[in-house]
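*Asks:* fold the following for me, if possible:
(one chain, ligands or ions: 2)
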Amino acid sequence: MTDAQLPFAAALESLAKCVPQNLIRPKVGIICGSGLSTLAASLTDTVYVPYGEIPGFLISTVDGHKNSLVFGLCGDVPVVAMLGRFHAYEGYPFQKIMFPVRVMARLGVKNLIVTNASGSLNPNIPVGTIVVLHDHLGIPNLSGFNPLLGPQHDKKIPRFLPTSNAYSTSLRRLFFHAVHELGFNLDDFAEGTYAWVSGPTYESPAEGRFIRAAGADVVGMSTVPEVLAAKEEGLEVIALSLVTNFVIIPDTYRSIKAEVKAQLEGKIVEDPLQPVVSHQEVLEIGLKKAEIMRAIVERVVQKIP
Ligand SMILES: O=P(O)(O)O[C@H]1O[C@H](CO)[C@@H](O)[C@H]1O
Ligand SMILES: Nc1nc2[nH]cnc2c(=O)[nH]1
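*Replies:* Ligands and ions are numbered 1, 2, ... in the order given. Predicted structure coming up:
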């Protein structure tokens, strides 16, 4: 399937049928990442449209993704939020993963707030930190799986999209002003580079070290396709990554050979617990920190000129 074959008209028509006039031209779009659907909890006058009722939308199969598009007001600003997103590891094609962003753009969205859960690779960025992305490292982009591969469906969109300016400096500035105005400490928030991997595996230690050495601060399995589509559509983008876990990247390995040798010499060898990442942990941190992210996102939305 190419972008040209995506059912834009049908999606827009079905939304127009169930969303009232005052909400159907949202100014800001929000994508809620894993466990972050409560970001939309304080919208008023809300209308929920299940993904299953929107032509061209997929169903997220991941826990913590709620499969509804919600239209509502943030203060007096009309907003549309995706409660849940689609990922390549679910077996979905990139064109379909990016479709909701392109639909948002056609509804009139000019600013996109993308959120996600991620693992930290940077010892200075602890679990629970909200990281404002200033760059990304798209591992699939570098290995022949760029989400924008394919025919140029719209001649108005540049064939060779620049990505050095993917993350809006003005929205990032608004974010840090909002943090200050709400009484949070700016130093509790970080700026960093997000590595996008396809997933669904969490990183092996060697993969983690590789990505860290390449300059990434956090890693996750989403966001970059949506950001690329948003840039093609001419949107201003801010991406907020909530660190839900540390990526385990020891620089030494436990030697099982040495342990067996010790055992053969009659020594008692402990078998320490080996920590592993779980999606449950990701969702729990999301639940704990979503309220802070919600308050800041709400303030940012109101501050967008
Ligand atoms: O990026 P979001 O959708 O927030 O979710 C992140 O959390 C999931 C893994 O726990 C992956 O989907 C990863 O990308
Ligand atoms: N790839 C990846 N995605 C995540 N999403 C949340 N935590 C992680 C992580 O550690 N690695």
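*Asks:* please identify the buried residues of the helix or strand hosting Arg299?
*Replies:* Here Arg299, judged by DSSP states H and E, is contained in helix 279-303. With burial defined by 16 or more other Cβ atoms under 10 Å, the residues of helix 279-303 counted as buried are 279, 282-283, 285-286, 289-290, 292-301. (Each C-beta comes from the backbone N, C-alpha and C, glycine too.)
*Asks:* likewise for stretch 228-247?
*Replies:* Judged by neighbour count (16+ other Cβ under 10 Å), stretch 228-247 contains these buried residues: 228-233, 235-247.
*Asks:* among these, which are in strands?
*Replies:* Per DSSP state E, strands hold the following members of the buried residues of stretch 228-247: 236-246.
*Asks:* ok, what's across the strand from Pro78?
*Replies:* Pro78 has the following beta-bridge partners by DSSP bridges: Leu73.
*Asks:* what's the neighbour count on it?
*Replies:* Counted with other Cβ atoms under 10 Å, the neighbours of Pro78 add up to 22.
*Asks:* just checking, it touches Pro26?
*Replies:* Yes. Between Pro78 and Pro26 there is a contact under Cβ atoms under 8 Å: 4.5 Å.
*Asks:* can I get the ones in strands among the buried residues of stretch 228-247 in TSV with pLDDT and distance to ligand 1?
*Replies:* Written out in TSV, the entries for those read as follows (pLDDT from 0 to 100; distance: Cβ to the nearest ligand atom, whole Å):
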residue	pLDDT	distance to ligand 1
Glu236	98	20
Val237	98	15
Ile238	98	15
Ala239	98	10
Leu240	97	10
Ser241	97	8
Leu242	95	8
Val243	96	11
Thr244	94	7
Asn245	94	8
Phe246	95	13
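*Asks:* OK, contacts around the closest residue in space to Thr115 that isn't next to it in sequence?
*Replies:* With sequence-adjacent residues excluded and distances taken as Cβ to Cβ, 6 or more residues apart in numbering, Thr115 is closest to Gly33, at 4.4 Å. In this structure, Gly33 makes contact with 85, 114-117, 222-223, 242, 286, judged by Cβ atoms under 8 Å, 6 or more residues apart in numbering.
*Asks:* tell me which of those is nearest to ligand 2?
*Replies:* For these, the residue nearest ligand 2 by Cβ to the nearest ligand atom is Ala117; the value is 4.4 Å.
*Asks:* and that closest one, which of the three is it?
*Replies:* strand (DSSP: H, G, I helix; E, B strand; the rest coil).
*Asks:* which one is it nearest to, not counting chain neighbours?
*Replies:* Here the nearest residue to Ala117 in space, its sequence neighbours aside, is Ser34; by Cβ to Cβ, 6+ apart that works out to 4.1 Å.
*Asks:* do Lys66 as well
*Replies:* Excluding the flanking residues, the one nearest Lys66 by Cβ to Cβ, 6+ apart is Leu83, at 3.9 Å.
*Asks:* over to Thr223?
*Replies:* For Thr223, the nearest residue in space outside its immediate sequence neighbours is Asn116; the separation is 4.9 Å by Cβ to Cβ, 6+ apart.
*Asks:* what are the bridge partners for that neighbour, then?
*Replies:* Here Asn116 sits in beta bridges with Ser241, going by DSSP bridges.
*Asks:* isn't it right next to Ser241, touching?
*Replies:* Yes. If you go by Cβ under 8 Å, Asn116 and Ser241 touch, sitting 5.2 Å apart.
*Asks:* so what sits against both of these two?
*Replies:* Counting by Cβ under 8 Å, 6+ apart, the residues touching both Asn116 and Ser241 are 194, 220, 223.
*Asks:* quick one: the helix or strand in which Gly29 is found to strand 236-246, angle?
*Replies:* Using DSSP H and E, the secondary-structure element containing Gly29 is strand 28-32. Between the axis of strand 28-32 and that of strand 236-246 there is an angle of 20 degrees, by axes from the mean of the first three to the mean of the last three Cα atoms, to 10 degrees.
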